[in-house]
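> after the sequence you'll find the predicted model.
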Amino acid sequence: MWKRLTVLWSLVRGDARRLWFALRHPGSPGWLKWGTALIALYLLSPVDLLPDTLPIIGVVDDLVLVPLAIRFLLNRLPPDIARAAEQRSGARS
C-alpha cells in the first residue's frame, strides 16, 4: 500500500510541476489559467463534491479528482507548450 501511495505521489508531483511550467510559459492559453484557478478553488473551497466529514470517501474524492483534472488540462495543451513544460520539469527533477 505504501509503495502505491509513493508512486501516485511522484506522478501527481510531476504533473503539478509540468502544469506550473506550462502556466509560466509566455504562450500559455487563457483557459489553462482559468482551469488551474478552478482546481485551486476546489481544493481550498469548503464546498466539496463529497463532504470531508465522511470518514474516507470525503478525502478520497480530492485525491482522485484533482490529479484527474490536472491530467485533463495537461493533455489539452498545445504541443509546443507541452514539450517546453516537459523539458523544464525534467531538467529540474
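Looks like it came in fine.
> so residue 53: helix, strand or coil?
At residue 53 the chain is in coil, as set by DSSP: H, G, I helix; E, B strand; the rest coil.
> what are the ranges of the helices in the chain?
With DSSP state H, the ranges of helices along the chain come out as 2-24, 30-44, 57-75, 79-92.
> with mean neighbour count added, can I get these in CSV?
Where C-beta positions appear, they are placed from N, C-alpha and C, glycine not excepted. Formatted as CSV, these follow (neighbours: other Cβ atoms under 10 Å):
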stretch, mean neighbour count
helix 2-24, 14
helix 30-44, 13
helix 57-75, 14
helix 79-92, 14
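> rebuild these as TSV, extending it with mean pLDDT and distance to residue 51.
Shown next, in TSV, are the helices of the chain (pLDDT from 0 to 100; distance: least, Cβ to Cβ, whole Å):
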stretch	mean pLDDT	distance to residue 51
helix 2-24	79	22
helix 30-44	90	14
helix 57-75	84	5
helix 79-92	86	34
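> what sits against residue 33?
Neighbouring residues of residue 33 by Cβ atoms under 8 Å, 6 or more residues apart in numbering: residue 23.
> got it, and residue 88?
residue 21.
> grab the nearest non-local neighbour of the most centrally placed residue in the chain.
Centroid check for the chain by Cα atoms, centre = their mean gives residue 70 as the closest residue, at 3.1 Å. If the residues on either side of it in the chain are set aside, residue 70 comes closest to residue 15, at 4.9 Å by Cβ to Cβ, 6 or more residues apart in numbering.
> go ahead and confirm the one you found touches residue 68.
No: between residue 15 and residue 68 there is no contact under Cβ atoms under 8 Å: 10.1 Å.
> can you tell me which residues contact the residue nearest to residue 70?
Counting by Cβ under 8 Å, 6+ apart, residue 15 makes contact with 67, 70, 71, 74.
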